[in-house]
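J.: kindly return the folded structure for what I paste below:
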Amino acid sequence: MKKNYSKILMTAALAFAAVCGAQAEEQVVLQENFDKLETAMEAGVHKYGKNPWTGKDVEGVEYQPNYNTIQTDGNVADLNGWSSRTTYIYACQGFIRISKTSFGGDLVSPKFASLSKPTDVKLSWQGIGYTSLIQLDEAGEYKSGGVHDHQYYYVAVLGAGEIEGASKMNKVAYKDENMNDIEVNAALVKIPTDCFVTMDTLQAWTFEGTKNELTIKDATAETQVVFMSTIPNFTKTKTTDYSTAEMPIDEAAPHGVNKKVNRVIFDNIKVVVADPSGVNDINVAKEVKVRKVIENGQVLIISGDKKYNLMGAEVK
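T.: So this is what the prediction gives:
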């Protein structure tokens with residue numbers, strides 16, 4: 001019986017397309033939406049406030065407990081492996097805020113434990129600037145508030161890996177996990193003037209300028225990422241001025257900028273493999289020529305100097 005080779009070749013093409021599709025599938029190393037903070041309840045009430053301001057929210061939840069409080073009240077599991085070395089981190093309903101008034105804070109990720117070898121990864125996240133709560137008068141007119149914090153923060157790698165894609169990198173004093181002095185190479189991130197929290201925290205997450213992405217080269221299972229204020233505070237000494245010639249006050253802020261404060265809000269943090277491998281670790285570079293052949297009645301796919309069957313297994 002004569003074989004329909006055109007149909008076989010079509011099957012081979014589809015099989016190879018499936019292999020390539022598997023190669024392009026996103027491989028997630030770390031993903032955090034702080035859902036535990038959003039859903040954590042206590043006596044029928046959310047444990048954490050729905051906004052980043054002081055005072056009480058509509059449920060009566062007082063100012064979000066800071067990291068020290070979470071450490072001692074048995075709720076550290078709600079952080080899902082995230083931590084702080086300055087302790088100036090605040091749990092909100094579905095997101096994290098770092099820094100307190102004039103004290104700089106930080107947010108440290110869990111390790112990239114799923115990586116088995118040095119791997120390039122892409123880090124993406126949302127970072128929103130803090131604005132003091134707007135107060136209105138009895139007539140509903142603006143009274144006070146709406147003042148922006150300083151609009152810069154840092155992102156750095158702890159452990160193996162180097163950041164690529166940042167417009168500016170600086171050396172920043174920090175602490176290792178044993179609280180010894182270290183210096184990290186950190187990417188400077190500027191928050192656009194229109195990407196500060198408004199009266200509605202949920203609305204702020206829709207601002208396109210809050211979205212950021214960097215590449216980390218050669219990350220390993222020991223790699224962590226840290227988000228920090230421009231002056232991480234370990235001495236408990238108040239910062240009087242975050243502004244510098246490199247990080248000036250934004251004169252376009254609607255109600256001014258408080259140069260003494262650097263609170264930032266984070267959510268939707270994700271780390272994925274930058275160039276994920278495919279089925280059976282078949283890696284096909286764009287410049288490699290791929291063709292289909294028939295040998296001994298078997299359809300094979302040749303990529304570079306290697307041969308694969310329709311199941312994607314290499315044929316020696």
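J.: give me the low-pLDDT residue ranges for the protein?
T.: 1-24, 277-294, 296-297, 299, 304, 310-313 (pLDDT under 70).
J.: now do 50
T.: Applying pLDDT under 50 to the chain picks out residues 1-13, 19, 21-23, 278-288.
J.: the spatially most central residue of it: which element?
T.: Geometric centre of the chain, nearest residue: residue 269, 2.9 Å, by C-alpha atoms, centre = their mean. Per DSSP states H and E, residue 269 falls inside strand 264-273.
J.: repeat that for residue 154.
T.: Assigned by DSSP H and E, residue 154 falls in strand 152-158.
J.: listing partners with orientation, what would you give for that strand?
T.: strand 181-190 (antiparallel), strand 224-228 (antiparallel) (DSSP bridges).
J.: sorry, back to before: just the buried residues of the strand holding residue 269, please?
T.: Within strand 264-273, the residues that count as buried by 16 or more other C-beta atoms under 10 Å are 264-271, 273. Every residue, glycine included, has its C-beta placed from N, CA and C.
J.: for stretch 99-112, same thing?
T.: With burial defined by 16+ other C-beta under 10 Å, the residues of stretch 99-112 counted as buried are 99-100, 102-109, 111-112.
J.: repeat for stretch 78-88
T.: For stretch 78-88, a neighbour-count test (16+ other C-beta under 10 Å) marks 78-79, 82-88 as buried.
J.: nearest to residue 25 among these?
T.: Set against residue 25, the nearest of these by C-beta to C-beta is residue 82 (26.4 Å).
J.: test my guess that that closest one contacts residue 98.
T.: No. Taking contacts as C-beta atoms under 8 Å, residue 82 lies outside contact range of residue 98: 10.7 Å.
J.: enumerate every residue touching the residue lying closest to residue 81 once chain neighbours are set aside.
T.: Nearest residue to residue 81 in three dimensions, chain neighbours excluded: residue 110, at 3.6 Å (C-beta to C-beta, 6 or more residues apart in numbering). Neighbouring residues of residue 110 by C-beta atoms under 8 Å, 6 or more residues apart in numbering: 30, 80-82, 224.
J.: residue 97 too?
T.: Residue 97 makes contact with 52, 64, 89-90, 130, 263-266, according to C-beta under 8 Å, 6+ apart.
J.: part of a strand, is it?
T.: Yes. Secondary structure of residue 97 (DSSP: H, G, I helix; E, B strand; the rest coil): part of a strand.
J.: and it, how far from residue 141?
T.: Distance of residue 97 to residue 141, computed by C-beta to C-beta, to the nearest Å: 28 Å.
J.: cool, and residue 165?
T.: 44 Å.
J.: the more surrounded of the two?
T.: In terms of neighbours (other C-beta atoms under 10 Å), residue 165 is the more surrounded of residue 165 and residue 141; the figures are 13 against 7.
J.: ramachandran angles for that one?
T.: Backbone torsions of residue 165, given as degrees, to the nearest 10, read phi 100, psi 0.
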